[in-house]
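Chemist: I'd like to go over a predicted model; first the sequence, then the structure.
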Amino acid sequence: MGEQRQRYNEEFKRQTVKYVQEKTKTISDICEELNIPKSTLHQWIGQFRAFDQEEVNYPEKIRKLEQTLKEREAETRRKEREMADLKEEMA
């Protein structure tokens, strides 16, 4: 027989994501502590994450902000090259 799937209500999910954001433990540790699969917790984080609850030095937040910055810098460089090309065409 197959295992019975555990069901969690929305309030539990929100509180768990808030717990993840407020703690310095790893997601693996929290999953083990609460007996929740990592993939499930990652889905909840994507669904219920509130950035105003995170500390600025939260490692995942820093990585995400760095990635966003890199993407915007690349876009800026692309637009600058495009503008330079257009100026050259106009000259």
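Modeler: Nice, thanks for sending it over. Residues are numbered from 1 along each chain as shown.

Chemist: For this protein, which residues score under the pLDDT cut-off?
Modeler: 1-4, 50-58 (pLDDT under 70).

Chemist: what about the helices in it?
Modeler: 10-22, 27-34, 38-48, 59-90 (DSSP state H).

Chemist: Now do the contacts for the nearest residue to Gln47 once chain neighbours are set aside.
Modeler: In space, not counting the residues next to it along the chain, Gln47 is nearest to Lys13; the distance is 7.3 Å by CB to CB, 6 or more residues apart in numbering. Where C-beta positions appear, they are placed from N, C-alpha and C, glycine not excepted. Contacts for Lys13 (CB atoms under 8 Å, 6 or more residues apart in numbering) come out as Trp44, Gln47, Phe48.

Chemist: Let's see the PyMOL selection covering just the buried ones among the residues you listed.
Modeler: In PyMOL, this line selects whichever of those come out buried by 16 or more other CB atoms under 10 Å:
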select buried, resi 44+48
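
Chemist: Redo the contacts of Lys13 as CSV? Include distance to Lys64.
Modeler: Below are the contacts of Lys13 laid out as CSV (distance: CB to CB, whole Å):
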residue, distance to Lys64
Trp44, 17
Gln47, 16
Phe48, 16
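
Chemist: which one of the helices of the chain is the most hemmed in?
Modeler: Across the helices of the chain, averaging neighbours per residue (mean count of other CB atoms under 10 Å) puts helix 10-22 on top, at a mean of 15.

Chemist: Much appreciated, bye for now.
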